[in-house]
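**Student:** Following is a predicted model, sequence given first.
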Amino acid sequence: MTENELKKEKKKKSLLSNWEFAVVKYVFIALFIALIIHFADFMINDSADFINNDYNSREELFAERVTRGKIQSADGMVLATTVTNEEGEEERYYPYNNLFAHVVGYSTNGKYGIEKLENYNLLKSHVSIDEKVETELGSEKYVGDNVITTLNYELQQTAYDALSFYEGAIVVMEPSTGKILAMVSKPDFNPNDVEADWEYLISEENTSTVLLNRAMQGLYPPGSTFKIVTTLAYLRENGDPGAYTFQCNGKFTTEDAVIHCYQNKKHGTVNLEESFAESCNSSFANIGLSLDVNSYQKVCDGLLFNQELPTKLSYSKSRFSLTEESTDSDILQSAIGQGTTLVTPFHMALLTSAVANDGILMTPYFIDHIESHTGEIVKQYQPATYQRLMTKEEATLLQKYMRAVVEYGTGTKLKSKSYEAYGKTGSAEFSSLAEHCHSWFVGYAHQDEKQDIAVAILVEEAGSGSSVAVPMAKKIFDTYFAE
Amino acid sequence: MLNLIIEASQYLMILLFGVYTFQCFESQIHGLRKETRTHIYNRQRIVMYLIHMIASNLIYIVTDDTRMVVLYIAQFVLISVIQCFYLFFYTKASALLTNNMCMLLVIGFITITRISPEKAIKQTIITAIAACLAFIVPLCIRNVGFVRKLYPAFAVIGLGCLLAVAIAGAISYGAKLSISIGGVSFQPAEFVKISFIFFVAGMLYQNNGFLRVCIATIIAAAHVLVLVFSKDLGAALIFFVVYLVMLFVATKNVIYLFAGTGAGVVASVIAYRLFSHVRVRVLAWSSPLEVIEKEGYQIGQSLFAIGTGGWLGLGLYKGEPEKIPVVVQDFIFSAIAEEFGGIFAICLILVCLSCLLLFLNIAKQIKDRFHKLVALGLGTLYGFQVFLTLGGVTNFIPSTGVTLPLVSYGGSSILSSIIIFAIIQGLYIIKQDEGSSDDRKRVEKREKEKVTSK
């Protein structure tokens, strides 16, 4: 044996005799590496949630050095900016007053809306080194980055005007990308006056709930728009829709409950498409009663009822609940979107978008990109698939039914030469008085040259969907496709 | 203008500390020439002094307080004395370990001075006293052979101290940690950790038959139970893990390791059921933002600090580390990450890892089994404590409220940490002596070969 081999042998031996030390050493190295990976993961992925938290007072530190950036619409309008008043103090200014109140929000008296969502980015400043030195030497503040939203000024204005004096909410989004194009909630407020009026706004005598963003936080019975969900539940349980027929005589009766069609209209013999297009309550009560409640509940959960929604703005969870113990009356009511079922207009816009996008829900988003004040892009947001809510076949069938609503059902006012509209109307009763109902429309429109556009419109205490909400949808579609 | 200086210093310190950290590992590459190593260590010292100077300069500019200059000079002298002592007196000690110890002390000094100058003054004085005491430790380790026979005494003294705290200790944050003698309050658990390791090493280094293991386990369990009784669960966990690892290495029996881990899991579940403050910590860990107002307040503030600091940090005096409760003790890492940045913080983790590897390497290389076990126990103690505190403040694991050795504020913590490092230095010296008698001939031969080949 040569000396070298001897050495090797010795080394091997010492390795073997020290294996227990190696175990301890490598376990510790693994622990420390895991710790560093966790730390880096926190910095990269999770820290934004913490930085943006209301309890983090450190953002105020940024405000001392950085002038809060602008919020702009996708078409270049300035929705929020920082100006210096006569006393030399910085003030937040919203050029369009009430128009973007809820979605853009405010940054005095706590933060709300996009002002809250993007607080961190608005207080960051990506400027060149020369500018940095210049700013420091001149002891001025840095200019914060600008946030460019997906909101479209013209659509927002149209939706705002369409809702006119009613209370309610409108959400407009692009199904293929998830971009939110407009979001209106009324009654509204002027963000420029929030600071001055704060005491009144939060006082108990103010019962107008103007600060509430009804589009995302308002919970309403969905009424007949929920028939989209019931139809999907029927398709999942029975497969073939061709076999279905129902004889409607204006009402549907069981031992302990009765459901009337709107204004007691007798629809005669209807198949599934006709039941949907003409919004036949009796037929859907019949369908609802035939469904297995557990799978019905599962379909709803799969459509994000009782679930978290993919957004960081404040919202309310939609509710749907049927169990084995539910009475026939509960089931009948639920099938036509009454009873204890509650939704937000935002959630309905997501469902409609998923139908329009062949079953795939894109993650909704409000921010297109962040840029420095000199226009250099700091961060670009990309459309992202959230999840598939239904198969392509199911979506195609629902599209067909929603088209029938416009062709011969409750939404014929949406017939247009320049685009194809699809949708579902709803008149949601919220008290025992029949004339007291919320007017709903959810739907989308297609034209070969442009991206599809989806809307969800809710008008409080306004009457039937076809008479109030549908004309509003028409105004929005007309504006969008006229551009 | 001030902001520019702060920002420039900030980047410079990150760069310097990055270089320092790299050299920690570069110097450990096998087969480096001795002169190369010495060069690296010298460069590390320069970097360390530079970081200390830059940061102290900033502190002075911002506070405009002449006390800061005095404090800086005192700290500078202290660090230099420690360096010189090891450089000229204990020439066989590990230079990297000395450097790391000084570097960690410096980072602690800077951070504590920035948060609370009063505490920094106290910390500097305690460190000076601790360093003086610790200078004799390597000498003792080398020359006092009968220590290994004293293990029954270590058990009695250790348990006695812990019992005293459990009965007469002062309560802070729901746990009994400290005892006050003649107006000076200290935490005996910090020192019992060391005596405990000597006890286990003395118990198991020669004979690890079943009976002996049983006795050792009972006494170790007594330590842990008394700590649980004082509700000092962080320390209880550390004692438990240290014992388990030492037992495993002493017996080379994997079954002990698995059985112990199983017992640990059962004990954790029981502790979760039994103690409300364990449940609070777990709740705060699993969803800090949902319970931010109460249970998650502390970890929430810590994560706000780390997150807002970002990779490059907010800059000294630009953050709000004082918003984190007990920041200078358990949460000092968050304060460092906030103002010095995430890159600096990761370097800090790596420097701690570098210390740990030095601990474990000496455990592997030294020949005497008693020394082996002591080094391994101290390494496990150091490594696990660092992991607990860093994992806790970054919300990797539920927080246990332990300090970061040498960096955190606190007399007992700093004194025991310095003693631990000194013991390891003593072992390095012993190993060098072993090595030199063994290898002298071989080294001489190699030197001759070099000369002839030239």
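**Tutor:** Sure, I can see it.
**Student:** Mind telling me what element A:D452 is part of?
**Tutor:** Per DSSP states H and E, A:D452 falls inside strand A:450-459.
**Student:** Which strands or helices does that strand pack on?
**Tutor:** Counting contacts by 3 or more C-beta pairs under 8 Å, 6 or more residues apart in numbering or on different chains; DSSP states H and E, strand A:450-459 is packed against strand A:168-173, helix A:345-356, strand A:437-447, helix A:465-482. For the C-beta atoms, the positions are set from N, CA and C on the backbone; glycine is no exception.
**Student:** most packed of these?
**Tutor:** Mean neighbour count (mean count of other C-beta atoms under 10 Å in any protein chain shown) peaks for strand A:168-173 among these, with a mean of 29.
**Student:** For the stretch 101-250 of chain B, what lies in contact range of chain A?
**Tutor:** Within the stretch 101-250 of chain B, the positions near chain A by C-beta under 8 Å from any C-beta of the partner chain are B:V245, B:F248, B:V249.
**Student:** Distance-wise, check the last one relative to A:S275.
**Tutor:** Distance, B:V249 to A:S275, by C-beta to C-beta, to the nearest Å: 76 Å.
**Student:** Those two: which has the busier surroundings?
**Tutor:** Counted by other C-beta atoms under 10 Å in any protein chain shown, B:V249 and A:S275 do not tie: A:S275 has more neighbours, with 27 against 24.
**Student:** Run me through the strand neighbours of the strand holding A:D452, direction for each.
**Tutor:** strand A:168-173 (antiparallel), strand A:437-447 (antiparallel) (DSSP bridges).
**Student:** Export it to CSV, keeping only CA atoms.
**Tutor:** This file holds the C-alpha atoms of strand A:450-459, laid out as CSV (Å, rounded to 0.1, in the frame of the first residue of the first chain):
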residue,chain,number,x,y,z
LYS,A,450,-63.0,44.3,-29.8
GLN,A,451,-62.5,42.4,-26.6
ASP,A,452,-65.8,41.3,-25.0
ILE,A,453,-67.1,43.4,-22.1
ALA,A,454,-69.1,42.1,-19.1
VAL,A,455,-71.3,44.1,-16.8
ALA,A,456,-73.2,43.5,-13.5
ILE,A,457,-75.8,46.1,-12.7
LEU,A,458,-77.8,46.4,-9.6
VAL,A,459,-80.3,49.2,-9.0
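**Student:** Show me how far that strand is from its chain's centre.
**Tutor:** On the basis of C-alpha atoms, centre = their mean, to the nearest Å, strand A:450-459 sits 12 Å off its chain's mean C-alpha point.
**Student:** orientation of that strand relative to helix A:465-482 in degrees?
**Tutor:** 150 degrees (axes from the mean of the first three to the mean of the last three C-alpha atoms, to 10 degrees).
**Student:** for strand A:450-459, which positions count as buried?
**Tutor:** A:D452, A:I453, A:A454, A:V455, A:A456, A:I457, A:L458, A:V459 (16 or more other C-beta atoms under 10 Å in any protein chain shown).
**Student:** In the stretch 251-400 of chain A, which residue sits nearest chain B?
**Tutor:** A:K312 (12.3 Å; C-beta to the nearest C-beta).
**Student:** can you confirm that residue is in a helix?
**Tutor:** No - with DSSP: H, G, I helix; E, B strand; the rest coil as the criterion, A:K312 is assigned coil and is not in a helix.
**Student:** Provide a list of residues in contact with residue 278.
**Tutor:** Reading this off chain A. The contact partners of A:E278, by C-beta atoms under 8 Å, 6 or more residues apart in numbering or on different chains, come to A:H267, A:V270, A:G409, A:T410.
**Student:** right idea, wrong chain: chain B
**Tutor:** Contacts of B:V278 by C-beta under 8 Å, 6+ apart are B:L233, B:A271, B:Y272, B:P398.
**Student:** returning to what we had before: which among the buried residues of strand A:450-459 gets closest to A:Q338?
**Tutor:** A:Q338 lies nearest to A:L458 out of the buried residues of strand A:450-459, by C-beta to C-beta, at 15.0 Å.
**Student:** Low-confidence bits of the chain, can you list those?
**Tutor:** If you meant another chain, say so; for now it's chain A. The model of chain A has pLDDT under 70 over residues A:1-4, A:6-17, A:139, A:431-435, A:483.
**Student:** my bad, the chain I had in mind was chain B
**Tutor:** In chain B, residues with pLDDT under 70: B:172-174, B:182-183, B:436-454.
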